[in-house]
Every structure is written in C-alpha cells, then in structure tokens.
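# here's my sequence, what's the structure:
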Amino acid sequence: MAGAWSISADDLADAATALRYEEDGMRLRRQLAKELRRAVAPAVAEAKGRIMSMGSAGLPHEGEPLRNAIARQVKAEARLAGKTVGVRVRVSTRGMPRGFRQAPRRTNRDGWRHPVFGNREVWVGQRGKPGWFDDPIRARRAAYRAAVERAVTDMSARIRGAR
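Now for the predicted structure:
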C-alpha cells in the first residue's frame, strides 16, 4: 500500500544512529552517505555545466580560469551526524584564483566590481551568470528529495533484512 510520507533531518539522524549499533554499521553508514551523494549527483553535474557555460571576455592571465576553479569546487556532501544531518550541494570557496574567495557567490548573483589591473582609480563591473547554482537545484528539488527518500528507504529495508 502506497502512502504519503516525508523524511526529516531527525529521521535521517535516527537511521544513522541505528547504523552505529549494527554489526556492520560503519560500512552501512558509508554506503548510505554514498547513496545520498548519488541522489543529488545530477544537481552537481548541472551546476558544473551551468558555470562552465558562463561567458568569458577577459584577457589572458596566469592561473586557473575562474569558471574551472568554481566548477572544481561544486560537490555533494552527506552528513549523518551532528546538527546539520542531511545531504546538500555546496561550493567551497577554497582555491579560488587571484584571491577571489567569493567568486561562486558573486557569479551566482548579479556580478561584482574590481579594479582594472590593480589600479584603484579605475574600476569595472563584471557580470556573472545569475542563477547558475540556485536555479537548477530549485527546479528539480522534488526529484532530489524523492531520490534521497528512496536511498533512505532502501537502507532501512537493508537493515531490516539483516536482523
């Protein structure tokens, strides 16, 4: 019989706690985390594709291109303990070129201003690709949620079968 249900962070935390007490709990926890990351993998791929499609009109420079640096840092993260239990897609600000740590945030919004070749007298505005990160995730939020629910249901069935 099919029924409507939802899963909360507390439910996920309870499942993770139950896994700790299973005979092979560590392996099952790793498997659950892997399945959760796999559930949102399409969001990671779409976000990377969107940032890579951002136009570039800059002059050649040393170092990694901004789009590549941002795409490299888009990752899925699954946490099964603590206060922030769940799965999320995030972009780390580590390793951004030329000290531009806020590059992921600025390119997702309207843009940013910077001095021309370090000349603090002359500033220019640069446009990013608004929504490259937020829009694809919001558009398919229900599908990602369903995939996460499936992963948790499958792990629950696996645990019940092991008893």
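
# what pLDDT does the most centrally placed residue in the chain get?
By CA atoms, centre = their mean, the chain has its centre lying nearest to residue 89, at 1.3 Å. You'll see residue 89 listed with a pLDDT of 93.

# what secondary structure does it sit in?
Under the three-state scheme (DSSP: H, G, I helix; E, B strand; the rest coil), residue 89 adopts strand.

# partner residues bridging it?
residue 76 (DSSP bridges).

# show me the contacts for it.
Counting by CB atoms under 8 Å, 6 or more residues apart in numbering, residue 89 touches 40, 43, 44, 47, 74, 75, 76, 77, 137. For glycine as for every other residue, the C-beta is placed from the backbone atoms N, C-alpha and C.

# please point out which parts of the lengthiest helix in the chain sit buried.
Longest helix in the chain, counting residues (DSSP state H): helix 141-162. Neighbour-count burial for helix 141-162, counted by 16 or more other CB atoms under 10 Å, picks out 144, 147, 148, 151, 152, 155, 159.

# what do you get for stretch 43-62?
43, 44, 46, 47, 48, 50, 51, 54.

# picking up where we left off before, how far away is the residue nearest to the centre of the chain from residue 139?
Residue 89 sits 13 Å away from residue 139, going by CB to CB, to the nearest Å.

# same check on residue 113?
30 Å.

# now swap in residue 87 and tell me
For residue 87 relative to residue 139 (CB to CB), the value is 17 Å.

# looking at those two, which is more packed in?
residue 87 (25 against 12; other CB atoms under 10 Å).

# surely that one and residue 75 touch.
No - under the contact definition of CB atoms under 8 Å, residue 87 does not touch residue 75, with a separation of 11.2 Å.

# now do the helices in this protein.
Along the chain, counting by DSSP H, helices occupy 9-21, 25-39, 41-52, 66-72, 103-108, 134-139, 141-162.

# could you tell me the angle between the third one and helix 25-39?
Angular relation of helix 41-52 and helix 25-39 on a 0 to 180 degree scale: 50 degrees, by axes from the mean of the first three to the mean of the last three CA atoms, to 10 degrees.

# lovely, talk soon.
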